[in-house]
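Peer 1: I need the structure of the sequence given here:
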Amino acid sequence: MKSLYESFWENGLQPELIYFLDGLNWTYIIMLVVILYGIKHTRELDWYEKLCSKFKAGRFKTWIAAVITGLLFCLFRWHGPDTFNSEYISALLRSMFFAVVFSGIFVDIPVLVIKRLGKMIDVKDDEKKED
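Peer 2: Residues are numbered from 1 along each chain as shown. Predicted coordinates:
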């Protein structure tokens, strides 16, 4: 008789996690995370924000950027020497999901912490200047 650990982890979740993380496209993930940082935390991509709000798609700007970037990766892969097949699209979709979800954790949270620390430091510097 199998234990709960064997049933749940070794035969169920572990192989799926290994498959999910095994073929990720790290070039796409890094590029998308940088693009999402630019959209959310800089003024360099304000034109993109305006374009999304013009089409009333402001809530989906992250996913739109992910899909556009993914389509460009597919286009370049299709015209390149490497094979373009369903496995590549599957890995790209998994990478898209991974990058969008975890960019909020690994990019947005540290940026907010740094901004708050920066405000605390700036306030102290401003108080010293007033004295």
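Peer 1: where in the chain is pLDDT low?
Peer 2: Low-confidence segments of the chain, defined by pLDDT under 70: 1, 122-131.
Peer 1: could you rerun that using 80?
Peer 2: Applying pLDDT under 80 to the chain flags the ranges 1-12, 119-131.
Peer 1: now do the helices in it.
Peer 2: In the chain, the segments counted as helices under DSSP state H are 4-5, 14-22, 26-41, 46-54, 61-79, 86-103, 109-130.
Peer 1: make TSV out of these and add mean neighbour count.
Peer 2: Using the backbone N, CA and C atoms, a C-beta is placed for each residue, glycine as well. Shown next, in TSV, are the helices of the chain (neighbours: other Cβ atoms under 10 Å):
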stretch	mean neighbour count
helix 4-5	8
helix 14-22	10
helix 26-41	16
helix 46-54	12
helix 61-79	15
helix 86-103	16
helix 109-130	10
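Peer 1: contacts for stretch 48-61, please.
Peer 2: Defining contact as Cβ atoms under 8 Å, 6 or more residues apart in numbering, one finds that stretch 48-61 is touched by 39, 64-65.
Peer 1: from those, which single one is nearest Val111?
Peer 2: Ile39 (12.2 Å; Cβ to Cβ).
Peer 1: is it true that that closest one touches Ile64?
Peer 2: No: if you go by Cβ atoms under 8 Å, Ile39 and Ile64 don't touch, sitting 9.8 Å apart.
Peer 1: hmm, Gly70 is touching Phe97, no?
Peer 2: No: using Cβ under 8 Å as the test, Gly70 is too far from Phe97 to be in contact (10.7 Å).
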